[in-house]
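Student: quick one: sequence and predicted model below, then my questions.
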Amino acid sequence: MAVTENHLEHETLVVDVEIPGHEARTTTSLFRRTRLELLAREKCCFICGRTAETSGHPLEAHHHPVERSLATGWSWDLFALDCKAGLWGAHAQAFDWDNFDPATDPYAFVDDMRCNGLVLCKDHHVGKDEGIHTLPFPIFLFQRYAVEGYQFSPTEVIHHADPA
């Protein structure tokens, strides 16, 4: 039987992967400084376009595309090739790859939120049924491109901020 109408999809996501060994998470001075620069540059949530004022919460910076806990297992040579080719955008492409030594400090890229940061409102960062930390990425990304007024979840109707 083909599905022809909107329908609720209930997913129980269980993930069993080995996270590379890494030091305990710290908030580096690089992260603090570049987070502020990112938030000044990107003034609204990547998904819904809301600002801190319209979302009711300060905007948040998510490590993207390189999650901090994965930095020590990342193939930086492969990633640098993609970045230099522009696959991860102009900011990652412009990163100082020639002076980057991931063996010494992979967080020099990871915590540089100007090139490894995604601005999200609190809901689209950690919210149940809508945050990047709680949804498979294709479903998370659908929120950005779903038609206006679409009932995405029992608690979220898609509304896009005015692009002007």
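Tutor: Perfect, thanks for sending it.
Student: how distant is stretch 35-51 from the center of its chain?
Tutor: Averaged C-alpha coordinates place stretch 35-51 at 11 Å from its chain's average position (C-alpha atoms, centre = their mean, to the nearest Å).
Student: cool, stretch 98-114 as well?
Tutor: The chain centroid and the centroid of stretch 98-114 are separated by 18 Å under C-alpha atoms, centre = their mean.
Student: which parts of it are buried?
Tutor: The neighbour-count check on stretch 98-114 (16 or more other C-beta atoms under 10 Å) flags Pro102, Pro106, Tyr107, Ala108, Phe109, Val110, Asp111, Asp112, Met113, Arg114 as buried. Where you see a C-beta, it was placed from the backbone N, CA and C, and this is true even at glycine.
Student: out of the residues you listed, which are inside helices?
Tutor: Tyr107, Ala108, Phe109, Val110, Met113, Arg114 (DSSP state H).
Student: roughly how far does the first one sit from Arg25?
Tutor: Here Tyr107 is placed at a distance of 10 Å from Arg25 (C-beta to C-beta, to the nearest Å).
Student: residues contacting Glu148?
Tutor: Listed by C-beta atoms under 8 Å, 6 or more residues apart in numbering, the contact partners of Glu148 are Ile158, His159, His160.
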